[in-house]
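**Student:** Whatever this is, show me its structure:
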Amino acid sequence: MIWFYLMIIIFILGYTAIALEHPLKIDKAASALLIGVLTWVAFIIGGEDIIHTFESFLGAPYEKWHAFLALHAEGGTHHAIETFIGKHELLHHLGEISEILFFLLGAMTIVEIIDQHEGFKIITDKIKTLKKVKLLWILSVLTFFMSAALDNLTTTIVMVALLRKLVGTKKDRWFFASMIILAANAGGAWSPIGDVTTIMLWVKGNVTTIPIIVDVILPSLVTMIAPLIILSFTMKGEIERPDLSAHHEEEEGHVSKRTSTFILFLGVGSLLFVPVFKTITHLPPYMGMLLGLGNLWLITEILHKRRHKETSTKLTVVGILTRVDVPTVLFFLGILLAVASLQSAGHLTLLAGWLDVVTNQNIYVINLAIGLLSAIVDNVPLVAGAMGMYEISPAGSVGNAALFMVDGKFWQFLAYCAGTGGSILIIGSAAGVAAMGMEKIDFIWYMKKISLLALVGYFAGAATYYLMFS
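**Tutor:** All right, here's what the predicted structure looks like:
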């Protein structure tokens with residue numbers, strides 16, 4: 001049993017180190033990679049102990065351990081642990097994590113290509129206001145609807161890149177980036193392609209397109225608007241625009257306005273094509289993102305092949321890749337590996353089962369708890385656990401079973417809570433992790449300045465859904 005609890009201790013210690021990144025002066029990527037590896041080390045060393053612990057808690061082997069038991073009968077304990085944990089489970093999760101990482105890398109590179117070609121300047125030149133409140137509303141509403149069309153991760157990357165052209169002061173930029181996280185997560189919750197958890201529910205057939213949009217858009221909108229209303233009364237003053245003149249002088253003549261416009265539309269078009277690509281080919285979204293990057297790479301190579309070598313290096317993908325934030329990707333890798341180990345070892349399944357018991361299957365309490373937990377633990381395994389705990393009820397079911405039919409209130413509310421609850425802490429969502437890496441936002445600062453606003457929005461949206469359908 002000691003190894004089972006040791007995995008929890010490692011995760012908590014690592015999570016604490018990430019939260020205290022600035023006081024400790026240890027980069028969060030280092031802490032994330034350590035817990036990502038060490039939790040799996042504890043899992044494979046104490047594999048037999050963990051399996052017996054898990055069985056003693058549940059009273060019977062969990063479904064996926066049937067594969068382990070078959071391997072045990074074939075070659076003994078050592079063979080079963082090495083094959084099942086080291087190959088089957090780890091490789092399975094690494095495949096899912098790689099999808100997210102390649103998606104993130106592709107999106108970040110496309111955004112950087114647009115930025116280097118001054119494509120975003122075309123948009124930022126249209127935003128003239130310096131008033132903080134007005135700018136906050138403009139960016140939040142834009143983010144909310146972009147997130148539904150793209151997804152919350154891609155939208156956050158695009159909007160934070162835009163923000164660098166609009167806001168000069170670091171703390172102001174942190175605040176606006178944080179509100180973009182809230183808006184992106186809220187916008188992704190009501191769209192079938194807006195958030196990875198909603199995509200999961202949509203692909204598995206738990207929800208369908210029109211009902212999830214119609215039923216969840218208003219609560220999601222309230223989630224974004226509630227904090228904005230509060231800030232409209234408390235936030236004063238004007239922003240300070242960044243001094244981009246030096247950059248423009250340096251790049252003057254390198255990129256024409258025509259080229260900037262072309263690259264902007266091509267890059268955004270590549271991002272918008274990702275969900276279309278998925279629908280047509282049924283391949284994972286990261287394949288569409290890599291296709292878009294490949295096209296953009298080829299076209300920029302052709303555009304700049306006659307340019308001076310030094311200039312073309314700055315504008316082609318080979319040069320731009322050196323500007324992509326690799327530590328953010330490694331941080332993401334470590335966090336997702338750690339959470340995957342807890343999922344494989346059964347910690348998250350036990351947690352989901354405990355929630356089911358203590359709430360007496362109250363779907364609103366269960367989903368609210370899942371949303372709050374998703375601020376700490378990645379929402380993907382939490383939603384996967386919930387989908388594994390409950391089956392889709394047949395059409396025409398009555399009573400409590402009706403809540404679990406296709407487009408039932410349990411699944412819709414799960415999409416809302418898992419999608420928006422991650423905003424409460426900055427590492428609770430993919431959008432938050434991306435913004436944290438791009439702007440180096442401090443975990444504690446976010447918790448002090450933003451978490452309460454996110455919590456107010458979360459419960460306001462939940463109350464709206466409850467009043468609509470209770």
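
**Student:** all contacts plus neighbour counts: C-alpha atoms, from now on.
**Tutor:** OK.

**Student:** and the nearest residue to Val365 once chain neighbours are set aside, what pLDDT?
**Tutor:** Nearest non-adjacent residue to Val365, counting by C-alpha to C-alpha, 6 or more residues apart in numbering: Thr359, 6.4 Å away. Note for Thr359: predicted pLDDT of 80.

**Student:** likewise Ser341?
**Tutor:** If you check Ser341, the pLDDT there is 87.

**Student:** Look up how far Leu228 lies from it.
**Tutor:** 38 Å (C-alpha to C-alpha, to the nearest Å).

**Student:** again with Leu271
**Tutor:** For Leu271 relative to Leu228 (C-alpha to C-alpha), the value is 28 Å.

**Student:** Looking at Ser341 and Leu228, which is more packed in?
**Tutor:** Ser341 (28 against 21; other C-alpha atoms under 10 Å).

**Student:** what about the residue nearest to Val365, how many residues close to it?
**Tutor:** 13.

**Student:** Surely it touches Ala369?
**Tutor:** No: at 9.6 Å, Thr359 does not count as touching Ala369 under the criterion of C-alpha atoms under 8 Å.

**Student:** show me the contacts for Leu414.
**Tutor:** 367, 370-371, 383 (C-alpha atoms under 8 Å, 6 or more residues apart in numbering).

**Student:** One more: His93?
**Tutor:** So His93 contacts 337, 340 (C-alpha under 8 Å, 6+ apart).

**Student:** Could you report the separation of it from Gly86?
**Tutor:** Applying C-alpha to C-alpha, the value for His93 to Gly86 is 11 Å.

**Student:** shaky segments in the stretch 301-450 of the chain?
**Tutor:** Applying pLDDT under 70 to the stretch 301-450 of the chain flags the ranges 306-313, 352, 378, 380-381, 384-385, 388-389.

**Student:** For it, which segments count as helices?
**Tutor:** Using DSSP state H, counting those that start in this stretch, the helices of the stretch 301-450 of the chain run over 309-315, 317-320, 326-345, 347-358, 363-373, 379-389, 409-420, 430-439, 443-449.

**Student:** would you list those helices in CSV and tack on distance to Ile97?
**Tutor:** CSV is the format used below for these (distance: least, C-alpha to C-alpha, whole Å):
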stretch, distance to Ile97
helix 309-315, 30
helix 317-320, 24
helix 326-345, 7
helix 347-358, 17
helix 363-373, 20
helix 379-389, 11
helix 409-420, 18
helix 430-439, 12
helix 443-449, 23
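
**Student:** Quick one: closest of the ones you listed to Thr156.
**Tutor:** Thr156 sits nearest to helix 430-439 of all the helices of the stretch 301-450 of the chain, at 5.8 Å, using C-alpha to C-alpha.

**Student:** which residues touch stretch 430-444?
**Tutor:** 18-22, 152-154, 156-157, 160, 174, 177-178, 181, 184-185, 325, 327-328, 332, 423, 425-427.

**Student:** Revised request: answer the last question for stretch 185-201.
**Tutor:** 143-153, 202, 207-209, 212-213, 215-217, 220-221, 223-224, 275, 379-380, 383, 411, 415-416, 418-420, 422-423, 429, 431.

**Student:** Now that stretch: average pLDDT?
**Tutor:** The average pLDDT for stretch 185-201 rounds to 84.

**Student:** Start and end of that stretch, how far apart?
**Tutor:** Terminal residues of stretch 185-201 lie 16 Å apart, using C-alpha to C-alpha.

**Student:** ok now that stretch, how far from the chain's centre?
**Tutor:** How far stretch 185-201 lies from its chain's middle: 10 Å, per C-alpha atoms, centre = their mean, to the nearest Å.

**Student:** ok so, going back, just the buried ones among the contacts of stretch 185-201, please.
**Tutor:** Buried subset of those (neighbour count, 16 or more other C-alpha atoms under 10 Å): 143-153, 202, 207-208, 212-213, 215-217, 220-221, 223-224, 275, 379-380, 383, 411, 415-416, 418-420, 422-423, 429, 431.

**Student:** got a pLDDT number for Ile9?
**Tutor:** With respect to pLDDT, Ile9 has a value of 93.

**Student:** can you tell me which residues contact Thr156?
**Tutor:** By C-alpha under 8 Å, 6+ apart, the contact list for Thr156 reads 143, 147, 180-181, 184, 431, 434-435.

**Student:** now those residues in TSV, with distance to Ile363?
**Tutor:** Shown next, in TSV, are those (distance: C-alpha to C-alpha, whole Å):
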residue	distance to Ile363
Thr143	29
Ser147	26
Ile180	29
Ile181	26
Ala184	25
Ala431	26
Ala434	31
Ala435	32
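
**Student:** quick one: which of those residues is nearest to Ala42?
**Tutor:** Once C-alpha to C-alpha is applied, the member of the contacts of Thr156 that ends up nearest Ala42 is Ala434, at 28.4 Å.

**Student:** for Ser147, helix, strand, or coil?
**Tutor:** On the three-state scheme (DSSP: H, G, I helix; E, B strand; the rest coil), Ser147 is labelled helix.

**Student:** Next one: Lys25 from Ile18, what distance?
**Tutor:** Distance of Lys25 to Ile18, given as C-alpha to C-alpha: 10 Å.

**Student:** more neighbours, the two?
**Tutor:** Ile18 (24 against 9).

**Student:** element containing the more buried one?
**Tutor:** Using DSSP states H and E, Ile18 falls within helix 2-19.

**Student:** gap between the helix or strand just after that helix and the chain center?
**Tutor:** Counting by DSSP H and E, the next helix or strand C-terminal to helix 2-19 is helix 21-24. Chain-centre distance of helix 21-24: 23 Å, with C-alpha atoms, centre = their mean.

**Student:** now the helices for the stretch 1-150 of the chain?
**Tutor:** 2-19, 21-24, 28-45, 47-58, 65-83, 90-116, 119-124, 132-149.

**Student:** would you list those in a markdown table and tack on distance to Trp297?
**Tutor:** Below are these laid out as a markdown table (distance: least, C-alpha to C-alpha, whole Å):
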| stretch | distance to Trp297 |
| --- | --- |
| helix 2-19 | 35 |
| helix 21-24 | 36 |
| helix 28-45 | 28 |
| helix 47-58 | 45 |
| helix 65-83 | 40 |
| helix 90-116 | 9 |
| helix 119-124 | 16 |
| helix 132-149 | 23 |
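
**Student:** closest to Lys314 out of these?
**Tutor:** Of all the helices of the stretch 1-150 of the chain, it is helix 90-116 that lies closest to Lys314, at 7.7 Å by C-alpha to C-alpha.

**Student:** which parts of stretch 260-271 are buried?
**Tutor:** Neighbour count says stretch 260-271 has 260-261, 263-264, 266-268, 270-271 buried, by 16+ other C-alpha under 10 Å.

**Student:** hang on, I meant stretch 436-447
**Tutor:** 436-438, 441-444, 446-447.

**Student:** ditto for stretch 224-244
**Tutor:** Under the neighbour-count criterion of 16+ other C-alpha under 10 Å, stretch 224-244 has 224-228, 231, 239 buried.

**Student:** so can I have JSON lines of the residues you listed showing secondary structure, pLDDT and distance to Gly292?
**Tutor:** Conversion of these to JSON lines gives the following (DSSP: H, G, I helix; E, B strand; the rest coil; pLDDT from 0 to 100; distance: C-alpha to C-alpha, whole Å):
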{"residue": "Met224", "secondary structure": "helix", "pLDDT": "94", "distance to Gly292": "30"}
{"residue": "Ile225", "secondary structure": "helix", "pLDDT": "95", "distance to Gly292": "33"}
{"residue": "Ala226", "secondary structure": "helix", "pLDDT": "95", "distance to Gly292": "36"}
{"residue": "Pro227", "secondary structure": "helix", "pLDDT": "95", "distance to Gly292": "35"}
{"residue": "Leu228", "secondary structure": "helix", "pLDDT": "95", "distance to Gly292": "34"}
{"residue": "Leu231", "secondary structure": "helix", "pLDDT": "93", "distance to Gly292": "38"}
{"residue": "Ile239", "secondary structure": "coil", "pLDDT": "83", "distance to Gly292": "34"}
